[in-house]
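[1] I would like to see how this sequence folds:
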Amino acid sequence: EVQLVESGGGLVQPGGSLRLSCTASGFTFSIRTMSWVRQAPGKGPEWVSTISSGGGSPTYADSVKGRFTISRDNAKNTLYLQMNSLKPEDTAVYYCAKGSPTVVHDRDYWGQGTQVTVSL
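    Next up, the predicted model:
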């Protein structure tokens, strides 16, 4: 059974940082492209970032470019998202997702999510 378990969310002030983690099991993590997607209250899902199986060629949505960094540790079957200079508009549930950016359209490949709230 494929499992994606996110952690690391929480409440942070504007300008602060958080590091999200996603532990994967039930599939060969090291050969899969992985992504982060998010969904803000009352809005549709938004693709955030994607990283290739080997960790190269990360891509980012314009809304997070320069502030967020995606990475992975294939030895630990873990995906990360370092989020710096957080803004209130980054408030959302963040999901680890198995696949390319098009996975934003298919919840079957997402984890259960972790809440990130950016507020004073």
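[2] Please name the residues that touch the residue most central in space within the chain.
    Nearest to the mean C-alpha position of the chain, by CA atoms, centre = their mean, lies Trp36 at 2.9 Å. Contact analysis of Trp36 by CB atoms under 8 Å, 6 or more residues apart in numbering lists Leu20, Cys22, Val48, Ser49, Thr50, Ile70, Leu79, Leu81, Tyr94, Tyr95, Cys96, Ala97. To be clear about C-beta, it is placed using only N, CA and C from the backbone, and glycine gets the same treatment.
[3] which of the residues you listed lies closest to Pro41?
    Tyr94 (13.1 Å; CB to CB).
[4] Burial check on that closest one, number of neighbours?
    23 (other CB atoms under 10 Å).
[5] any idea how far Trp36 is from it?
    Counting by CB to CB, to the nearest Å, the gap from Tyr94 to Trp36 is 6 Å.
[6] Find residues that contact each of these two.
    Taking CB under 8 Å, 6+ apart as the contact rule, Tyr94 and Trp36 both touch Leu20, Val48, Leu81.
[7] Generate a PyMOL selection restricted to the buried subset of the residues you listed.
    Buried members of those, defined by 16 or more other CB atoms under 10 Å, are picked up in PyMOL with:
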select buried, resi 20+48+81
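[8] List just the nearest of the shared contacts of Tyr94 and Trp36 to Val116.
    Of all the shared contacts of Tyr94 and Trp36, Leu20 has the smallest distance to Val116: 7.6 Å, by CB to CB.
[9] Need the CA coordinates for the one helix or strand that closest one maps to. CSV is fine.
    According to DSSP states H and E, Leu20 maps onto strand 18-25. This file holds the C-alpha atoms of strand 18-25, laid out as CSV (Å, rounded to 0.1, in the frame of the first residue of the first chain):
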residue,chain,number,x,y,z
LEU,A,18,9.1,25.9,8.3
ARG,A,19,10.5,22.6,7.0
LEU,A,20,8.0,20.0,5.8
SER,A,21,8.8,16.4,5.6
CYS,A,22,7.1,13.5,3.8
THR,A,23,7.9,9.9,4.5
ALA,A,24,7.1,7.5,1.7
SER,A,25,6.4,3.8,1.7
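[10] and it, average pLDDT?
    Averaged across strand 18-25, pLDDT comes to 98.
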